[in-house]
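Asks: Structure for the following, please:
(one chain, ligands or ions: 1)
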Amino acid sequence: MNNYIVVTGGNRGIGWDICKSLCCKGFSVLLGSRKVDQALHEKISAEIDPAYKENIIPFICDLGNLDETKESFKSLCTERSITNISALINNAGISIDHLALRAKENDINLILDTNLTSTIKLTNHLLRFLLKAQDGASVVNMSSVVGLMGNLSQSTYAASKAGIIGYTKSMAKEYAGKNIRFNAICPGFIQTAMTDNLSEKAKQNYLDQIPLKRLGSGEDVANLVHFLISKQSSYITGETIKVDGGLYI
Ligand code: NDP
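Replies: Sure thing, here's the model as predicted:
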(Lines give C-alpha, C1' and ligand atoms only; values in the text may rest on other atoms or scores of the structure.)
Protein backbone atom coordinates (compact mmCIF):
# COMPACT_ATOMS: atom_id res chain seq x y z
CA MET A 1 0.00 0.00 0.00
CA ASN A 2 1.22 3.50 -0.82
CA ASN A 3 2.18 5.88 1.95
CA TYR A 4 0.59 9.15 0.88
CA ILE A 5 1.99 12.30 2.45
CA VAL A 6 0.26 15.69 2.05
CA VAL A 7 2.55 18.73 2.08
CA THR A 8 0.99 22.21 2.00
CA GLY A 9 2.92 25.05 0.38
CA GLY A 10 4.93 22.38 -1.43
CA ASN A 11 5.77 24.40 -4.53
CA ARG A 12 8.73 26.34 -3.14
CA GLY A 13 10.91 27.10 -0.12
CA ILE A 14 10.99 24.64 2.77
CA GLY A 15 7.88 22.84 1.45
CA TRP A 16 9.59 22.09 -1.87
CA ASP A 17 12.66 20.72 -0.09
CA ILE A 18 10.39 18.48 2.01
CA CYS A 19 8.62 17.19 -1.13
CA LYS A 20 11.93 16.60 -2.91
CA SER A 21 13.43 14.74 0.02
CA LEU A 22 10.38 12.55 0.73
CA CYS A 23 9.70 11.58 -2.89
CA CYS A 24 13.31 10.37 -3.26
CA LYS A 25 12.79 8.21 -0.16
CA GLY A 26 9.91 6.45 -1.90
CA PHE A 27 6.92 8.25 -0.40
CA SER A 28 4.01 9.31 -2.61
CA VAL A 29 3.88 13.05 -2.03
CA LEU A 30 0.63 14.94 -2.58
CA LEU A 31 2.12 18.37 -3.21
CA GLY A 32 -0.34 21.11 -2.25
CA SER A 33 0.10 24.38 -4.12
CA ARG A 34 -2.06 27.44 -4.73
CA LYS A 35 -1.24 27.11 -8.44
CA VAL A 36 -0.85 23.83 -10.30
CA ASP A 37 0.38 25.05 -13.67
CA GLN A 38 2.91 24.38 -16.39
CA ALA A 39 5.63 26.11 -14.37
CA LEU A 40 5.17 23.68 -11.47
CA HIS A 41 5.23 20.64 -13.77
CA GLU A 42 8.39 21.97 -15.42
CA LYS A 43 10.02 22.50 -12.02
CA ILE A 44 9.22 18.91 -11.05
CA SER A 45 10.69 17.63 -14.33
CA ALA A 46 13.79 19.78 -14.03
CA GLU A 47 14.61 19.23 -10.36
CA ILE A 48 13.44 15.71 -9.50
CA ASP A 49 15.34 12.61 -10.55
CA PRO A 50 13.25 10.92 -13.27
CA ALA A 51 13.25 7.73 -11.18
CA TYR A 52 11.20 9.50 -8.49
CA LYS A 53 9.19 12.20 -10.21
CA GLU A 54 6.08 10.03 -10.49
CA ASN A 55 6.08 10.09 -6.68
CA ILE A 56 5.08 13.76 -6.72
CA ILE A 57 1.40 14.40 -7.34
CA PRO A 58 0.37 18.08 -7.28
CA PHE A 59 -3.07 19.28 -6.25
CA ILE A 60 -4.59 22.71 -5.62
CA CYS A 61 -4.27 23.68 -1.98
CA ASP A 62 -5.14 27.28 -1.16
CA LEU A 63 -5.60 28.12 2.49
CA GLY A 64 -7.47 31.22 1.37
CA ASN A 65 -10.03 29.05 -0.42
CA LEU A 66 -10.73 25.91 1.57
CA ASP A 67 -13.81 24.94 -0.47
CA GLU A 68 -11.73 24.77 -3.64
CA THR A 69 -8.97 22.93 -1.76
CA LYS A 70 -11.38 20.29 -0.43
CA GLU A 71 -12.85 19.80 -3.91
CA SER A 72 -9.44 19.45 -5.50
CA PHE A 73 -8.35 16.94 -2.84
CA LYS A 74 -11.55 14.98 -3.30
CA SER A 75 -11.03 14.77 -7.09
CA LEU A 76 -7.45 13.65 -6.57
CA CYS A 77 -8.56 10.90 -4.18
CA THR A 78 -11.21 9.69 -6.64
CA GLU A 79 -8.81 9.78 -9.58
CA ARG A 80 -6.03 7.90 -7.74
CA SER A 81 -8.24 5.73 -5.47
CA ILE A 82 -6.66 7.29 -2.39
CA THR A 83 -8.55 6.35 0.75
CA ASN A 84 -6.10 7.35 3.44
CA ILE A 85 -3.04 9.47 4.11
CA SER A 86 -0.26 8.53 6.51
CA ALA A 87 1.12 12.02 7.09
CA LEU A 88 0.20 15.66 6.78
CA ILE A 89 2.85 18.38 6.75
CA ASN A 90 1.25 21.75 7.43
CA ASN A 91 4.02 23.87 5.98
CA ALA A 92 2.29 26.72 4.08
CA GLY A 93 2.58 30.05 5.83
CA ILE A 94 3.13 33.76 5.36
CA SER A 95 4.88 36.48 7.22
CA ILE A 96 4.11 40.19 6.94
CA ASP A 97 6.21 42.26 9.31
CA HIS A 98 4.70 45.32 10.97
CA LEU A 99 5.04 47.37 14.10
CA ALA A 100 1.91 46.83 16.18
CA LEU A 101 1.04 50.53 16.04
CA ARG A 102 1.04 50.44 12.23
CA ALA A 103 -0.49 47.00 11.70
CA LYS A 104 -3.20 46.92 9.06
CA GLU A 105 -6.32 44.94 9.92
CA ASN A 106 -6.18 43.07 6.59
CA ASP A 107 -2.62 41.95 7.26
CA ILE A 108 -3.48 40.76 10.77
CA ASN A 109 -6.42 38.76 9.41
CA LEU A 110 -4.41 37.31 6.53
CA ILE A 111 -1.54 36.12 8.77
CA LEU A 112 -3.86 34.56 11.35
CA ASP A 113 -6.19 33.04 8.73
CA THR A 114 -3.36 31.48 6.73
CA ASN A 115 -0.99 30.32 9.46
CA LEU A 116 -3.53 29.33 12.09
CA THR A 117 -7.27 29.25 11.33
CA SER A 118 -7.17 27.66 7.88
CA THR A 119 -4.39 25.28 8.91
CA ILE A 120 -6.59 24.08 11.76
CA LYS A 121 -9.66 23.78 9.49
CA LEU A 122 -7.77 21.88 6.79
CA THR A 123 -6.22 19.50 9.35
CA ASN A 124 -9.60 18.83 10.92
CA HIS A 125 -11.01 18.11 7.46
CA LEU A 126 -8.17 15.70 6.61
CA LEU A 127 -8.48 13.85 9.93
CA ARG A 128 -10.89 11.36 8.35
CA PHE A 129 -8.11 10.32 5.93
CA LEU A 130 -5.48 10.17 8.68
CA LEU A 131 -7.78 8.00 10.81
CA LYS A 132 -7.89 5.42 8.03
CA ALA A 133 -4.09 4.98 7.82
CA GLN A 134 -3.42 1.38 8.76
CA ASP A 135 -0.22 1.86 10.77
CA GLY A 136 -1.14 5.15 12.39
CA ALA A 137 -0.44 8.62 11.07
CA SER A 138 1.75 11.63 11.77
CA VAL A 139 0.99 15.34 11.48
CA VAL A 140 3.84 17.85 11.44
CA ASN A 141 2.98 21.51 11.91
CA MET A 142 5.43 24.22 10.89
CA SER A 143 5.70 26.73 13.71
CA SER A 144 8.73 28.99 14.22
CA VAL A 145 11.24 29.93 16.92
CA VAL A 146 9.47 33.28 16.78
CA GLY A 147 6.41 31.52 18.22
CA LEU A 148 8.57 30.59 21.23
CA MET A 149 10.69 33.69 21.78
CA GLY A 150 8.72 36.52 20.11
CA ASN A 151 10.28 39.02 17.74
CA LEU A 152 10.24 42.71 16.95
CA SER A 153 7.77 43.59 14.16
CA GLN A 154 6.36 40.07 14.16
CA SER A 155 3.73 40.15 16.92
CA THR A 156 0.93 38.77 14.70
CA TYR A 157 3.17 36.19 13.03
CA ALA A 158 4.48 35.10 16.45
CA ALA A 159 0.92 34.79 17.76
CA SER A 160 -0.04 32.60 14.79
CA LYS A 161 2.98 30.35 15.29
CA ALA A 162 2.48 30.12 19.08
CA GLY A 163 -1.16 29.20 18.37
CA ILE A 164 0.01 26.32 16.19
CA ILE A 165 1.97 24.91 19.13
CA GLY A 166 -1.13 24.93 21.36
CA TYR A 167 -3.14 23.28 18.62
CA THR A 168 -0.44 20.63 18.12
CA LYS A 169 -0.32 19.72 21.82
CA SER A 170 -4.10 19.55 22.15
CA MET A 171 -4.46 17.38 19.05
CA ALA A 172 -1.65 15.12 20.29
CA LYS A 173 -3.71 14.46 23.42
CA GLU A 174 -7.00 14.13 21.55
CA TYR A 175 -5.80 11.69 18.86
CA ALA A 176 -3.09 9.63 20.59
CA GLY A 177 -5.70 6.96 21.24
CA LYS A 178 -6.31 6.77 17.48
CA ASN A 179 -2.58 6.45 16.77
CA ILE A 180 -2.23 9.86 15.14
CA ARG A 181 0.82 11.74 16.38
CA PHE A 182 1.09 15.54 16.22
CA ASN A 183 4.39 17.40 16.49
CA ALA A 184 5.53 20.94 15.74
CA ILE A 185 8.78 22.10 14.17
CA CYS A 186 10.24 25.50 14.97
CA PRO A 187 12.70 26.52 12.27
CA GLY A 188 15.10 29.34 13.09
CA PHE A 189 16.56 31.26 10.16
CA ILE A 190 16.15 29.13 7.03
CA GLN A 191 17.30 30.51 3.68
CA THR A 192 14.16 30.85 1.50
CA ALA A 193 12.16 33.60 -0.22
CA MET A 194 10.64 34.38 3.20
CA THR A 195 14.03 35.43 4.55
CA ASP A 196 15.61 36.64 1.29
CA ASN A 197 14.12 40.10 1.57
CA LEU A 198 15.87 40.82 4.87
CA SER A 199 18.76 43.27 4.66
CA GLU A 200 22.34 41.96 4.76
CA LYS A 201 22.68 43.71 8.12
CA ALA A 202 19.67 41.85 9.54
CA LYS A 203 21.00 38.52 8.20
CA GLN A 204 24.42 39.16 9.74
CA ASN A 205 22.71 40.04 12.99
CA TYR A 206 20.97 36.63 13.02
CA LEU A 207 24.21 34.89 12.06
CA ASP A 208 25.98 36.50 15.01
CA GLN A 209 23.36 34.98 17.33
CA ILE A 210 23.49 31.44 15.87
CA PRO A 211 25.97 29.27 17.81
CA LEU A 212 26.39 26.85 14.85
CA LYS A 213 27.43 29.88 12.75
CA ARG A 214 25.43 29.15 9.62
CA LEU A 215 21.94 29.82 8.32
CA GLY A 216 19.65 26.81 7.98
CA SER A 217 18.56 25.09 4.78
CA GLY A 218 15.27 23.53 3.74
CA GLU A 219 17.04 20.20 3.86
CA ASP A 220 17.78 20.68 7.58
CA VAL A 221 14.02 20.96 8.14
CA ALA A 222 13.16 18.13 5.70
CA ASN A 223 15.44 15.75 7.65
CA LEU A 224 13.45 16.35 10.82
CA VAL A 225 10.15 15.98 8.95
CA HIS A 226 11.33 12.59 7.68
CA PHE A 227 12.17 11.50 11.23
CA LEU A 228 8.81 12.69 12.59
CA ILE A 229 6.81 10.76 10.01
CA SER A 230 8.92 7.60 10.38
CA LYS A 231 8.50 4.73 12.81
CA GLN A 232 11.73 5.88 14.51
CA SER A 233 9.68 8.61 16.18
CA SER A 234 6.71 6.39 17.03
CA TYR A 235 6.92 7.26 20.77
CA ILE A 236 7.09 11.02 20.18
CA THR A 237 3.95 13.14 20.16
CA GLY A 238 3.01 16.65 21.29
CA GLU A 239 6.63 17.78 20.94
CA THR A 240 7.94 21.10 19.70
CA ILE A 241 11.37 20.69 18.13
CA LYS A 242 13.63 23.53 17.04
CA VAL A 243 15.81 23.44 13.91
CA ASP A 244 17.69 26.66 14.52
CA GLY A 245 21.41 26.03 14.95
CA GLY A 246 21.01 27.02 18.59
CA LEU A 247 19.50 30.47 17.87
CA TYR A 248 17.06 30.09 20.76
CA ILE A 249 18.68 28.18 23.61
P1 NDP B 1 8.17 30.74 1.50
O2 NDP B 1 7.64 32.11 1.55
O3 NDP B 1 9.42 30.45 0.76
O4 NDP B 1 7.02 29.72 0.99
C5 NDP B 1 5.76 29.78 1.58
C6 NDP B 1 4.91 28.69 0.99
O7 NDP B 1 3.59 28.80 1.57
C8 NDP B 1 4.74 28.85 -0.53
O9 NDP B 1 4.60 27.59 -1.12
C10 NDP B 1 3.43 29.62 -0.61
O11 NDP B 1 2.72 29.45 -1.84
C12 NDP B 1 2.66 28.94 0.51
N13 NDP B 1 1.48 29.73 0.88
C14 NDP B 1 1.43 31.01 1.30
N15 NDP B 1 0.16 31.39 1.50
C16 NDP B 1 -0.61 30.33 1.17
C17 NDP B 1 -2.00 30.08 1.13
N18 NDP B 1 -2.90 31.02 1.45
N19 NDP B 1 -2.45 28.87 0.75
C20 NDP B 1 -1.57 27.89 0.41
N21 NDP B 1 -0.25 28.06 0.38
C22 NDP B 1 0.23 29.26 0.77
O23 NDP B 1 8.32 30.32 3.05
P24 NDP B 1 9.27 29.24 3.74
O25 NDP B 1 9.46 28.08 2.86
O26 NDP B 1 10.44 29.96 4.28
O27 NDP B 1 8.37 28.86 5.00
C28 NDP B 1 7.63 27.65 5.08
C29 NDP B 1 7.06 27.55 6.49
O30 NDP B 1 8.10 27.59 7.45
C31 NDP B 1 6.11 28.71 6.82
O32 NDP B 1 5.03 28.22 7.60
C33 NDP B 1 6.99 29.63 7.65
O34 NDP B 1 6.24 30.43 8.52
C35 NDP B 1 7.85 28.63 8.39
N36 NDP B 1 9.11 29.19 8.85
C37 NDP B 1 10.07 29.63 7.96
C38 NDP B 1 11.25 30.16 8.45
C39 NDP B 1 12.35 30.64 7.56
O40 NDP B 1 13.37 31.10 8.10
N41 NDP B 1 12.25 30.56 6.25
C42 NDP B 1 11.51 30.28 9.89
C43 NDP B 1 10.45 29.77 10.72
C44 NDP B 1 9.30 29.26 10.20
P45 NDP B 1 2.83 30.55 -3.05
O46 NDP B 1 4.06 30.16 -3.83
O47 NDP B 1 1.56 30.36 -3.80
O48 NDP B 1 2.94 31.89 -2.41
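
Asks: any idea how far stretch 223-235 is from the chain center?
Replies: 15 Å (Cα atoms, centre = their mean, to the nearest Å).

Asks: Helices of the chain, start to end?
Replies: 13-24, 38-47, 66-80, 105-112, 118-130, 146-149, 155-175, 193-196, 200-209, 218-229 (DSSP state H).

Asks: Of those, which is nearest the ligand?
Replies: The ligand lies closest to helix 13-24 among the helices of the chain, at 2.3 Å (Cβ to the nearest ligand atom). No exception for glycine: its C-beta is placed from N, CA and C like everyone else's.

Asks: Low-confidence stretches in this structure?
Replies: 1 (pLDDT under 70).

Asks: Report the outermost residue of it with respect to its centre.
Replies: Leu101 (29.5 Å; Cα atoms, centre = their mean).

Asks: Would you mind saying which of the helices of the chain lies nearest Cys186?
Replies: Closest to Cys186 of these, according to Cβ to Cβ: helix 146-149, at 5.9 Å.

Asks: Nearest residue to the middle of this structure?
Replies: The centre of the chain sits closest to Asn91, judged by Cα atoms, centre = their mean, with a distance of 1.4 Å.

Asks: hang on, the earlier thing: run through the residues that contact the residue farthest from the centre of the chain.
Replies: Residues counted as contacts of Leu101 (Cβ atoms under 8 Å, 6 or more residues apart in numbering): none.

Asks: What of Thr8?
Replies: Here Thr8 is in contact with Gly15, Gly32, Cys61, Leu63, Ile89, Asn90, Asn91, Ala92, Thr119, Leu122 (criterion: Cβ under 8 Å, 6+ apart).

Asks: Tell me if I'm right that the first one and Cys61 touch.
Replies: Right, the one you point to is Gly15. No. At 10.1 Å, Gly15 does not count as touching Cys61 under the criterion of Cβ atoms under 8 Å.

Asks: Can you work out which residues contact both of the two?
Replies: In contact with both Gly15 and Cys61: Thr8, Gly9, Ala92, using Cβ under 8 Å, 6+ apart.

Asks: residues near the second one, how many?
Replies: It stands for Gly9. By the criterion of other Cβ atoms under 10 Å, Gly9 has 25 neighbours.

Asks: count of neighbours near Asn205?
Replies: Asn205 has 11 neighbours, counted by other Cβ under 10 Å.

Asks: Likewise for Ala87?
Replies: 27.

Asks: Hey, what's the angle from whichever strand in the chain runs longest to helix 155-175? Just curious.
Replies: As assigned by DSSP state E, the longest strand anywhere in the chain is strand 180-187. Here the directions of strand 180-187 and helix 155-175 differ by 160 degrees (axes from the mean of the first three to the mean of the last three Cα atoms, to 10 degrees).

Asks: Can you lay out the shared contacts of Gly15 and Cys61 as TSV showing distance to Tyr235?
Replies: Output for the shared contacts of Gly15 and Cys61, formatted as TSV (distance: Cβ to Cβ, whole Å):
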residue	distance to Tyr235
Thr8	26
Gly9	28
Ala92	28
